[in-house]
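[1] Please find the sequence and the predicted model below.
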Amino acid sequence: MGGLYHDGNRALQDRFDTRRLADRIAERIVHDVISPHEAEFIESRDMFFIATADEEGRPNCSYKGGDPGFVRVVDETTLAFPNYDGNGMYLSMGNLLENPNVGLLFIDFERGRRMRVNGLASVDENDELMAEYPRAQFVVRVRVREVFPNCPRYIHRYRRVEASAFVPREGCETPVPAWKRSDWATDVLPEHDPARDPDATVV
């Protein structure tokens, strides 16, 4: 199965008699290139979940959001997305510098669809796509190892209410999150953090 399954997977597959089914799924729907249909789905999403692990295998899971299209399918084996200002901890992105293995989960909560993308990630402050992402700190590229749809049966249906005001957009002031003006944060903000500007809009 091309390394998709390890002994732990196999132990549970055998325990619950799903090895044949697992092998059929790997044969039929798991692949290492992004199809045009899958690219359209990925680029229509305005959020995804990202799973990383540090050099010792300790996991971290995070949410990433932006406007639809902020995740780009560069070619059939590569996708890219920006890293915007956050809380400064760099838990997920820092993990990528130590362990490039990454898992992405894209979900359409309105139609009940989801897709997994697993691969190897790289971080680049000088990526040619930087010009396409206003106020991005760097661009992450993921070289696809596996991409496949995931069973949608347990996806609860939700509807989008509104886009985040904090997503950087060309020609639009990005507000400052109120927590950055808290007493415990103001004296340790990065030198050029917009929250240091007394005239910045705070939300």
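    It's in.

[2] Sketch out the low-pLDDT regions of this protein for me.
    Counting by pLDDT under 70, the chain has low-confidence residues at 1-2.

[3] What residue spans form the domains of it?
    1-30, 31-149, 173-203 (automatic domain parsing).

[4] hey, which of these is tucked in deepest?
    Stretch with highest mean neighbour count among those: domain 31-149 (a mean of 16; mean count of other CB atoms under 10 Å). The C-beta positions use only the backbone N, C-alpha and C, and glycine is treated the same way.

[5] Kindly check the end-to-end length of that domain for me.
    Its start and end residues considered, domain 31-149 measures 10 Å (CA to CA, to the nearest Å).

[6] chain center to that domain, what's the gap?
    Distance, stretch centre to chain centre, for domain 31-149: 4 Å (CA atoms, centre = their mean, to the nearest Å).

[7] Ok, which of the domains of the chain comes nearest Val161?
    Evaluated with CB to CB, the domains of the chain place domain 31-149 nearest to Val161, the distance being 11.5 Å.

[8] So which residues of the protein form strands?
    Listed in chain order, the strands of the chain (DSSP state E) span 47-53, 59-65, 72-75, 78-83, 101-108, 113-124, 138-149.

[9] got JSON lines for these, with distance to Trp179 too?
    Converted to JSON lines, the strands of the chain look like this (distance: least, CB to CB, whole Å):
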{"stretch": "strand 47-53", "distance to Trp179": "20"}
{"stretch": "strand 59-65", "distance to Trp179": "17"}
{"stretch": "strand 72-75", "distance to Trp179": "30"}
{"stretch": "strand 78-83", "distance to Trp179": "19"}
{"stretch": "strand 101-108", "distance to Trp179": "27"}
{"stretch": "strand 113-124", "distance to Trp179": "25"}
{"stretch": "strand 138-149", "distance to Trp179": "23"}
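
[10] Alright, that wraps it up for me.
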